[in-house]
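>>> Coordinates only, no sequence provided:
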């Protein structure tokens with residue numbers, strides 16, 4: 001592996017090295033963890049995740065962003081935020097019915113509105 005030193009060079013400006021693994025470098029920035037939870041929850045619910053799955057995911061250390069927010073905000077605040085988002089957004093669900101084409105009959109597609117009860121399929 002090439003151990004080339006780049007003195008006084010911003011790590012983001014280092015040239016690519018074929019023998020050197022890529023590494024992520026992060027930093028802490030100011031922000032609103034509650035907003036992060038809202039955005040993540042909305043995205044997951046609109047993707048079809050059920051409310052119980054979302055809540056379980058927020059308790060899992062393997063899903064670092066929601067888990068870190070839960071640790072940072074506390075259990076009650078996180079559950080309150082998730083509950084508000086679930087009530088507002090609902091859970092997106094859809095059904096697709098396929099039938100053989102006969103006499104140019106199109107395939108039937110039914111998309112239901114988001115559920116507001118927080119229950120997934």
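Ah, there it is. Note that this is a predicted model, so its numbers are computed, not measured. Residues are numbered from 1 along each chain as shown.
>>> What is the helix or strand where residue 86 lies packed up against?
Here residue 86 is covered by helix 75-89, with elements defined by DSSP states H and E. Contact here means 3 or more CB pairs under 8 Å, 6 or more residues apart in numbering; DSSP states H and E; on that basis helix 75-89 packs against helix 33-46, helix 51-58, helix 64-73. Yep, even glycine has a C-beta here, placed from its N, CA and C like the rest.
>>> of all these, which lies closest to residue 95?
Residue 95 lies closest to helix 33-46 among these, at 16.5 Å (CB to CB).
>>> Now do that closest one against helix 75-89, angle only.
Put simply, helix 33-46 runs at 40 degrees to helix 75-89, going by axes from the mean of the first three to the mean of the last three CA atoms, to 10 degrees.
>>> Pull the residues that contact helix 33-46.
Here helix 33-46 makes contact (CB atoms under 8 Å, 6 or more residues apart in numbering) with 51, 54, 57-58, 65-66, 69, 72-73, 77-78, 81-82, 84-86, 89-92, 114.
>>> for that helix, which positions count as buried?
For helix 33-46, a neighbour-count test (16 or more other CB atoms under 10 Å) marks 33-34, 36-38, 40-41, 44-45 as buried.
>>> Switch those over to TSV; also include distance to residue 27 and pLDDT.
Shown next, in TSV, are the buried residues of helix 33-46 (distance: CB to CB, whole Å; pLDDT from 0 to 100):
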residue	distance to residue 27	pLDDT
33	16	89
34	21	94
36	16	90
37	21	94
38	23	95
40	20	93
41	25	94
44	26	92
45	29	91
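>>> Which one of the residues you listed is nearest to residue 13?
Ranked by distance to residue 13 (CB to CB), the buried residues of helix 33-46 are led by residue 36 at 28.8 Å.
>>> returning to what we had before: please check the contacts of helix 33-46 and keep the buried ones.
Neighbour counting by 16+ other CB under 10 Å classes 51, 54, 57-58, 66, 69, 73, 78, 81-82, 85-86, 89-92 among the contacts of helix 33-46 as buried.
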